[in-house]
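Engineer: below are the sequence and a predicted model; questions follow.
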Amino acid sequence: MTYFFTYGSLMDLDFVTSLGVQYKSACSGVLMGYEFKINVQDKSNPRFGYANIVKNINTSVEGVLMEITQMEFPLLDSYEGYPQMYSRSKMQIISKNMNKIHTAWVYTGNLNFIIARNLCLTPFQKKRINNGFRFLSKEYQINLLRIIK
């Protein structure tokens with residue numbers, strides 16, 4: 001088993017399951033030193049984009065920490081447009097319920113798809129992110145709603 005951390009539409013566990021991904025467990029997680037953005041541009045509709053994280057030592061990103069098998073990554077990679085649109089690397093995630101640090105795989109946008117401003121989300125993306133709110137603190141939910149409006 002390995003850990004996977006998500007901060008965008010994959011926080012919707014029903015959606016994750018619909019992709020064919022089977023996770024063993026899921027809990028709230030925090031990635032320190034990063035901030036949430038919607039700056040990975042959709043090449044077919046440049047007004048719209050996808051969630052991403054960028055380094056910022058003053059902030060953190062909340063999301064869902066899942067325990068999965070390595071066999072689940074082809075499904076996740078396909079959804080995330082890996083390796084063209086997103087890269088995947090290991091990062092240190094704090095699980096909020098166990099207050100423990102886990103090394104987890106995290107997707108980040110590739111430079112050739114990133115732009116310098118936040119983009120719009122589709123209604124489906126907004127709904128999937130909202131479906132993951134139960135894993136987020138109230139304060140983070142408020143901040144996230146300002147970004148995804």
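Structural biologist: Received, thanks. Numbers count the residues shown, from 1 in each chain.
Engineer: run through who's touching stretch 38-53.
Structural biologist: Applying CB atoms under 8 Å, 6 or more residues apart in numbering, the contact partners of stretch 38-53 are 7-9, 31, 34-37, 54, 61, 85-86, 106, 108-110, 113-122, 125, 129, 147-148. All C-beta spots, glycine's among them, are computed from the backbone N, C-alpha and C.
Engineer: start and end of it, how far apart?
Structural biologist: Taking CA to CA, to the nearest Å, the first and last residues of stretch 38-53 lie 8 Å apart.
Engineer: quick check: mean pLDDT across that stretch?
Structural biologist: Averaging pLDDT along stretch 38-53 yields 95.
Engineer: can you give me the buried ones in the longest strand belonging to the chain?
Structural biologist: Identified as the longest strand of the chain according to DSSP state E is strand 49-68. By 16 or more other CB atoms under 10 Å, the buried positions in strand 49-68 come out as 49-53, 60-66, 68.
Engineer: and which of the residues you listed is nearest to residue 139?
Structural biologist: Nearest to residue 139 among those: residue 62, at 9.2 Å, using CB to CB.
Engineer: the residue nearest the centre of the chain and residue 94, how far apart?
Structural biologist: For the chain, the residue nearest the mean C-alpha position is residue 7 (2.6 Å; CA atoms, centre = their mean). Using CB to CB, to the nearest Å, residue 7 is found at 13 Å from residue 94.
Engineer: and for these two, which residues touch both?
Structural biologist: With CB under 8 Å, 6+ apart as the test, residue 7 and residue 94 both reach residue 31.
Engineer: flag the shaky bits of this protein, pLDDT-wise.
Structural biologist: Regions of the chain meeting the criterion pLDDT under 70 are absent.
Engineer: what are the ranges of the strands in it?
Structural biologist: Applying DSSP E to the chain gives strands spanning 2-6, 25-41, 49-68, 86-95, 100-109.
Engineer: wait, which of the ones you listed is closest to residue 140?
Structural biologist: With respect to residue 140, and counting by CB to CB, the nearest of the strands of the chain is strand 49-68 at 4.5 Å.
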